[in-house]
Each structure stands twice: as structure tokens, then as C-alpha cells.
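Novice: Fold the following for me, if possible:
(2 chains)
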Number of protein chains: 2
Amino acid sequence: MCVTEKLVAPKPTLNKCSETLSSNNGTKPQTLSSSSEAVINLDQGDPTVYESFWGKAGEKCTMVIKGNELMSYISDLRKPCWFLEEELENTIKRLHRVAGNAVVDDRYVVVGTGSTQLYQAVLYALTTGGTAPDQQPVPVVCAAPYYSQYADETDFLRSGLYKWAGDAYAFDKEGPYIEVVTSPNNPDGTTREAVVISSPADQGKVLYDLAYYWPQYTPITRAADYDIMYFTFSKSTGHAGSRIGWALVKDEEIARKMTKFIELSSIGVSKDSQLRAAKIMGVICDGYQDFKSDENSENFFEYAHQLMADRWKRLREVVARSNVFSLPKYPQEYCLFHGEFTESFPAFAWLKSKEGAIDEDCEKFLRESYKIVGRGGRRFGADPSYARLSMLSREEVFQQFLDRLQSINNGTVSNGNY
Amino acid sequence: MCVTEKLVAPKPTLNKCSETLSSNNGTKPQTLSSSSEAVINLDQGDPTVYESFWGKAGEKCTMVIKGNELMSYISDLRKPCWFLEEELENTIKRLHRVAGNAVVDDRYVVVGTGSTQLYQAVLYALTTGGTAPDQQPVPVVCAAPYYSQYADETDFLRSGLYKWAGDAYAFDKEGPYIEVVTSPNNPDGTTREAVVISSPADQGKVLYDLAYYWPQYTPITRAADYDIMYFTFSKSTGHAGSRIGWALVKDEEIARKMTKFIELSSIGVSKDSQLRAAKIMGVICDGYQDFKSDENSENFFEYAHQLMADRWKRLREVVARSNVFSLPKYPQEYCLFHGEFTESFPAFAWLKSKEGAIDEDCEKFLRESYKIVGRGGRRFGADPSYARLSMLSREEVFQQFLDRLQSINNGTVSNGNY
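Specialist: Predicted structure coming up:
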């Protein structure tokens, strides 16, 4: 998530303003209808869509921490990740077994302050400990379109250990490298594997960002079984404010080095949030595993899957009537979790403006003419005819987004003539 | 805090083992008495001493978070630190007004994942944004003895922005630099000011780590009024597990850059812990400000001050009888908070082995012969005759530490002849 824009953009809840808007070229002023006067911020993947589920889930999700609890830095010094709370570790493994989305046996769990910290911890772990004093920064690549923040998150400290090197398809250097595989991919929701062919084979390391590999977003076709993979509380259950992510790591030394990174960065990870994550994820597991649970209560992944399917259906209906935009198609695959063929319902819409439909780039068009704030394709190493828009906003924001997209279809725009 | 040793050392709660110990040179085995068989880990400043206070403080300190609360990344996009919860910001300012230890008016508050993240956020803020492509890493210095982790926390990513340059007294380079002033100082508890004389004057930037500038540790002689200063929940109230620190920053641009660092590092700071910190610190403030509060309840800073005074008295009594160790003396100063002359009761004892008293360095002697794990002077850029030992352990650990120190006095050691 990037919040650069957020610092100037209003809060993602609707912020009323009633100015008359000019279209992008300033020659043909147009007034938006009353319902569309507010800025709609779909730039970040702020997962507030799940708030209503957790609101209804009731007291069993309430976290209670006494004043004298969780005061120490330390959780268990015998484990590679000495600040990981045992309850969280156990619940993470339990949740993966319920979802069937990752192998957890014989894996070390490393907890991080969100998956952002884990990404950097992996880079550190894979590039530190060498003895060569003249070591060059190891290139880090990801197939385009790639997550817009990788470049900044890799390079902001101008590290001598690693360096962002852009699109993995264009990478042709000799020597060590790191490839990030985001699957399902942010921004475009596709399923991915590594693309760089390493020569010699042991020069490359691959890390898997599986933040969106959960049953509400994509068919779970197998339990992911990579050496280094990470997930986040933000996207799995929607609790972004807690800043909890976790990595499943095969090699103990890598787990220890990642832990060292987090120790040097922040001396561990909030215990309060660790236990809250354990509580919330435990409630999900109970729904599937505890036969004593309330039969009327809805299970989270089914709820969230239905909700995402519904949103995508509504969005596709609007876009289908559009002469301006198109959306990616996703294949049906057999989901082991749902026990049926399903398609992907990604957390972001990767909206493309049709050739010739508008004069400018997609992000600018949406923002300047319709006050819909998304993130443009260029930021992802892709064509500016694309924009990424969050599908995880609160319902009223999502409906306004659809209404405004519909208004574009309704002839307010006609083939670049505005 | 360094936890490198912790990864191999047992938990700081007592870990029983009954082996026969050899003294350091291996020639004269000696058996420790039964009460001193366990390793005593005083390496970290884990502030578990305060657990009993918060245990007694009761339900008003209990944090309750519902399942649907604090889910968004965002707190308030209009503020430079957009992920800072307003309740925390208000309580931080209130607590400083109660303690009288820092000026909060016209200051921006930046929250961090502990003060460790804030330290790095400040370094980033003070060194980024320059236009020179060939910018050399800015040297970062601190007067010795300095916090043992500064070197690693500065250099672990081999940043091109900044670089650890050691003892500020030895710094004589031209050009930009950053000086860290830790006051009261970790490890030795002294009150400090900047020592580098900058020429020209605007080349140097100073940041103030005031983690221990609270009434239980040191006389509050004035409200600190620096451009960049930071504090931590860990040392003020003892809640290290929550990983909450905060900076008070005069310049908006610096606050924004620090926020950017934290955004790129971890997309914000645990909301759960932010609200817990607000709850706990609010209880302290209520104790001083709310006349309706329970008259029998003890106020935190008085309690903690008394506790630290008591520990230092007991430690000084043991050390006074020692022919092996000595401790620093601290001046009496008028404390505006307590309204009387008090001395410092630092969170660490900076223990020195007297010249000729032992053959080896102080840390090794304590660890190998007495299973007291401290941190040696060399780690702080100081003489190995020093060792830093936490004064914030749980009571039973502290008492065992005193007993074991007493056993050294009781002739088990005599002037290096053991």
C-alpha cells in the first residue's frame, strides 16, 4: 500500500465537497451529480469491507488485555523468532490447515510488523552474512505488473545489500539475484510462478508474497510449499490496523536472520496485536472446527468469498456496459477449500481503458474527471491505460464507485470527446 | 536492547540447573551455592519490574478491543503522521504535562514501533531528500559510553544515507553529521548534552533519545525543549511488549519524512498497541489529575521512584562492602516533579570492577564465574572493566542478583586469586 497520495487525499470515507469540476483539459467544465461530489479513494487496499462481518461476530472476537500482561520484550528465547507469541504461532498453523493454502509442517514462523517488514527481513536474510567486503547490492526483481511499492521499499535506505532492479522479464544479469513472486498478483490478480531462469541455478533466490492466497480471493488449488512465503493479517481477515504479518520459512538460518532484522528494526512485534490476531484467526478456525459453535453464525471465508463474488459481479456488469473500460478475465479452477470450481475475485480491480476511449492515462482520467482515486499502471511497471482500484472499501464507497463508473458509461464521456 | 545473547541464554526468569561450575581459568572448580545455580539474565533492560504495579492497578487498566475496531491502516490523513491515533496523541501530551519532562506545544507527534524504529526514522529524515547523487553517508556519532546497539541499528543495511562513526568525542570530520544524545544515558545514567562542536554551525543535527527522562529514574530539572526528541512506552511505564515509541518533532517536514520512513518500513504502527498505550498512560494521568480517583491507589511515578530508590539502596549497600566492584555516583538535583532534591536511580547499573580486583573483563567474570549475564563495557565503546546490568528485572531475580554479588564479597573472590 502506498500512502503518499493519502497525505494529501481526504480520508477514504466520503469527504463532501461541492465544487464545480473541470474536465482534464479545462475547456469543457462539467458538474458532477450530487451523489458523486465526494472523492472516492480506492488507492489503498484498506480492507474495511470486512468490518461489518466482525461487528456481527460479537463478543467472541473481543480482545481483553490486562494492565500487567504482555509487558516483556521476550516470548520464547528457545525459538528462532524469540518475540513470537506461542498462541499466535499455533493459530497461524491452525488457520493454514483450515484454509489448506500453505504447508506449515517443519516450517519456522517469523512474525513481522505487517508483511512490509517481512519483505525487507527476507531481503536482509538473503543478502547478509557474506564475507566479501566488496559485495555489490543484489538485484531484486519481480515480473511486471508488480506491486508499486517494491521499488521504494527496497531502495529507500540505499542499502548496500540489495537494490531494486525492476521487471523480472527484463532481467538478464549474471550472478546472484532475488525474485519476488506475488501470487495472486497485486495489482492484476493473476496466479504466478518465478520467471527468471537462473544460470547457474543456485544464483537466484525466490520469495513468495502470498498475501492474497486465501479462499475469498482465489481458488486454493494446493497447499503452497515454498521455502520462503509470507502472509498478512491485513488481507486474510481485514485487520490492517494491527500490522501483523508472518512468514513460513523452511531454513532455520534464514528464520534467524529475518528475526535479527526485525530485532534491529523494531525489537520485535507488538504483542498486543499478536494476541489479537491469534484471537480473530482462532474464531475463524473455531467456526470450521468446533461443532459446539453457534450454527447460525456464518463462517468467515464463505462470507468473504460471497461478498467478493458479489462485488465482482456488480463491477463486471457496469464495465460490460462500458465503452471505456475493460477488466481481466480469470480462469475457473477447482478450489480445494470450497470443493467446487470457482474463479478469482481479486482484492483490486485492474481496470484498463480501451484503446482510443480516452485521451489521457486511466488514473488521471478517473481522478480529475470523476474524483475516483486509483493508482496508475506506470507505478506497477505497466501501461498507463491501466489503473488499480481497491475492491475492499466499505459498501457505501463501493456503491458510489459503481454509480460513478456507470455515469461514465451513460454518455458523460464519448470516445475521447470531452 | 540487544538480544543476540538471548538467543542462546535462557529466559530471564530463573532457569534451574545444578551443574558444578568451573571458574574462568578452569583450574579451580567451585560449586555455587544452591540459591545461585541459575543463570541471572540482566543483559536486556526488560522492564518486568513494573508488572506487579499494573497487576494491582486493576480493571481500569484493562484494554478491550472489539473484533471490528481498529481495522483500517489509516487514522487521520490530515496529520503528518497519518497512522497516529488521536487518543494516543492526546494522552502522550497529557502525560508529558503531568511529568513535566518535555515541551509538547507546537510539536508534531510521530508514533513508532518502539523507539528503535524512531531512531532510524530520524536518521532517514535527516539524510534524505538531498539532490546530490554522490552524497556520502552522513556520519552518526554518540559520546562514549554509548548505547551498544547504535552501531548495528545504524549499519545493518549498509545504508548509503548514514553510517555509524562511533564516539562523538573522537569525531573531527568536516561536513554534515548527526549526533545522538541519550539523556539520561544508557548505559551509565548520566545527564548529557551534545558534545560535537560543529563548524560551520549548521552542519550538525542533534537528536535526543530521552527514553529514561522520567521521574522514577532521574530528577526532572526542566521540560526538555529540543527539536527532535523521542520516548518509549517500554521504559516510561514498562510495557515493552507493545513496541510503542513516540517522537516530539518541531519541524513539520521532519515529521513527514519520519512518517514516510515508518510507512515504507511497516505501513504504520499497531493500532491495538497505540490504544493500549493511551489507556495505560491515561490511567497514570488520571491518578494525578482526577480527584474522584481512589485515594488508596498509588500513583505510578511515586511508586516507581520509590522502587528504584529501594533497589539502588540495596545494590549500593552490597557494592559498598565489595572489594571488587564500584558504582557511579549521581549528583542530587532539584526535581520539579517530586518537588525535592533527588538523585538518579538509573534503569541500568554501570558496574565497574576495581583495578586489579579481577584478572579478566567484568562481563566475563560475572558470566563465567557467577552466571550473571550483563553486557560488557567494550560493547558501549568503554573499558572492559565495566558491565551494564539491568535494574528492571522481577524482584526475585533482582534479589538473587544481590545475593550472588554478596557471595563475591564474602571472600569467594579475593583480589584476583580465585
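Novice: Was I right to think residue A:159 contacts residue B:159?
Specialist: Yes: Residue A:159 lies in contact with residue B:159 (Cβ atoms under 8 Å); the separation is 6.1 Å. Heads up, the C-betas are built off the backbone N, CA and C, glycines and all.
Novice: Tell me how many other residues surround the residue of the stretch 301-418 of chain A found nearest chain B.
Specialist: Proximity of the stretch 301-418 of chain A to chain B (Cβ to the nearest Cβ) peaks at residue A:394, 9.6 Å away. The number of residues packed near residue A:394 is 18, by other Cβ atoms under 10 Å in any protein chain shown.
Novice: Ok, residue A:198 next?
Specialist: When neighbours are defined as other Cβ under 10 Å, residue A:198 has 15 of them.
Novice: what does residue A:193 give?
Specialist: Neighbour count of residue A:193, defined by other Cβ under 10 Å: 10.
Novice: For the residue nearest to it when sequence neighbours are not counted, what is the enclosing helix or strand?
Specialist: Residue nearest to residue A:193 in three dimensions, not counting chain neighbours: residue A:181, with 6.5 Å by Cβ to Cβ, 6 or more residues apart in numbering or on different chains. Residue A:181 belongs to strand A:177-182 when assigned by DSSP states H and E.
Novice: Are there helices or strands packed against that strand, and which ones?
Specialist: Contacts defined by 3 or more Cβ pairs under 8 Å, 6 or more residues apart in numbering or on different chains; DSSP states H and E place strand A:177-182 against helix A:114-127, strand A:138-142, strand A:204-209.
Novice: Put together JSON lines for the ones you listed, with mean neighbour count, distance to residue A:275 and mean pLDDT on each row.
Specialist: Below are the helices and strands packed on strand A:177-182 laid out as JSON lines (neighbours: other Cβ atoms under 10 Å in any protein chain shown; distance: least, Cβ to Cβ, whole Å; pLDDT from 0 to 100):
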{"stretch": "helix A:114-127", "mean neighbour count": "26", "distance to residue A:275": "16", "mean pLDDT": "97"}
{"stretch": "strand A:138-142", "mean neighbour count": "25", "distance to residue A:275": "33", "mean pLDDT": "97"}
{"stretch": "strand A:204-209", "mean neighbour count": "24", "distance to residue A:275": "25", "mean pLDDT": "96"}
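Novice: Let me know which of those is the nearest to residue B:386.
Specialist: Distance to residue B:386, taken as Cβ to Cβ, is lowest for helix A:114-127 among these, at 31.1 Å.
Novice: The closest one close to chain B?
Specialist: Yes: Helix A:114-127 is in contact with chain B by Cβ under 8 Å from any Cβ of the partner chain, via A:114, A:116, A:117, A:120, A:124.
Novice: what's the third one in contact with, if anything?
Specialist: Residue A:117 is in contact with A:245, A:262, A:265, A:266, A:269, B:265, B:266, counting by Cβ atoms under 8 Å, 6 or more residues apart in numbering or on different chains.
Novice: Tell me which of these fall in strands.
Specialist: Taking DSSP state E, the ones among the contacts of residue A:117 that sit in strands are residue A:245.
Novice: now the contacts of residue A:117 in a markdown table, with pLDDT, neighbour count and distance to residue B:401?
Specialist: Listed next are the contacts of residue A:117 as a markdown table, based on pLDDT from 0 to 100; neighbours: other Cβ atoms under 10 Å in any protein chain shown; distance: Cβ to Cβ, whole Å:
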| residue | pLDDT | neighbour count | distance to residue B:401 |
| --- | --- | --- | --- |
| A:245 | 98 | 29 | 37 |
| A:262 | 98 | 25 | 29 |
| A:265 | 97 | 25 | 30 |
| A:266 | 97 | 27 | 28 |
| A:269 | 98 | 36 | 29 |
| B:265 | 97 | 25 | 36 |
| B:266 | 97 | 27 | 35 |
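Novice: Among the contacts of residue A:117, which ones are in helices?
Specialist: Among the contacts of residue A:117, the members found in helices (DSSP state H) are A:262, A:265, A:266, B:265, B:266.
Novice: How many residues are close by the residue nearest to residue A:251 when sequence neighbours are not counted?
Specialist: Distances taken as Cβ to Cβ, 6+ apart place residue A:227 nearest to residue A:251, at 6.6 Å, with adjacent residues excluded. Residue A:227 has 14 neighbours, counted by other Cβ under 10 Å.
Novice: The one 10 residues further on too?
Specialist: One way to gauge burial is a neighbour count; for residue A:237, by other Cβ under 10 Å, it gives 28.
Novice: Tell me the spacing between it and residue B:118.
Specialist: Shown here: residue A:237 relative to residue B:118, a distance of 28 Å by Cβ to Cβ, to the nearest Å.
Novice: Could you do residue A:269 as well?
Specialist: Relative to residue B:118, and taking Cβ to Cβ, residue A:269 is found at 16 Å.
Novice: between the residues of helix A:114-127 next to chain B, which is nearest residue B:343?
Specialist: residue A:117 (40.3 Å).
Novice: Let me see the contact set for the closest residue to the residue of the stretch 301-418 of chain A closest to chain B other than its chain neighbours.
Specialist: In space, and not counting its chain neighbours, residue A:394 is closest to residue A:48: 4.9 Å by Cβ to Cβ, 6+ apart. Counting by Cβ under 8 Å, 6+ apart, residue A:48 touches A:12, A:238, A:392, A:393, A:394, B:71, B:72.
Novice: where does the stretch 1-150 of chain A have low pLDDT?
Specialist: The stretch 1-150 of chain A contains residues with pLDDT under 70 at A:1-36, A:130-133.
Novice: Can you list the buried residues in stretch A:319-339?
Specialist: A:319, A:322, A:324, A:325, A:326, A:327, A:330, A:335, A:336, A:337 (16 or more other Cβ atoms under 10 Å in any protein chain shown).
Novice: same deal with stretch A:218-236?
Specialist: Using 16+ other Cβ under 10 Å as the test for burial, stretch A:218-236 gives A:218-220, A:224, A:226, A:228-236.
Novice: From those, which land in helices?
Specialist: Cross-referencing the buried residues of stretch A:218-236 against helices under DSSP H gives A:233, A:234, A:235, A:236.
Novice: Throw those into CSV and include distance to chain B and pLDDT, thanks.
Specialist: Listed next are these as CSV, based on distance: Cβ to the nearest Cβ, whole Å; pLDDT from 0 to 100:
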residue, distance to chain B, pLDDT
A:233, 10, 97
A:234, 8, 97
A:235, 12, 97
A:236, 12, 97
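Novice: With distance to residue A:253 added, can I get those in a markdown table?
Specialist: Formatted as a markdown table, those follow (distance: Cβ to Cβ, whole Å):
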| residue | distance to residue A:253 |
| --- | --- |
| A:233 | 26 |
| A:234 | 28 |
| A:235 | 28 |
| A:236 | 27 |
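Novice: of these, closest to residue B:205?
Specialist: Using Cβ to Cβ, these come closest to residue B:205 at residue A:234, 34.4 Å.
Novice: so what's that closest one closest to, chain neighbours aside?
Specialist: residue A:240 (3.8 Å).
Novice: ok so, going back, between which two of the contacts of residue A:48 is the distance greatest?
Specialist: A:12 and A:238 (13.9 Å).
Novice: This completes my enquiry, with thanks.
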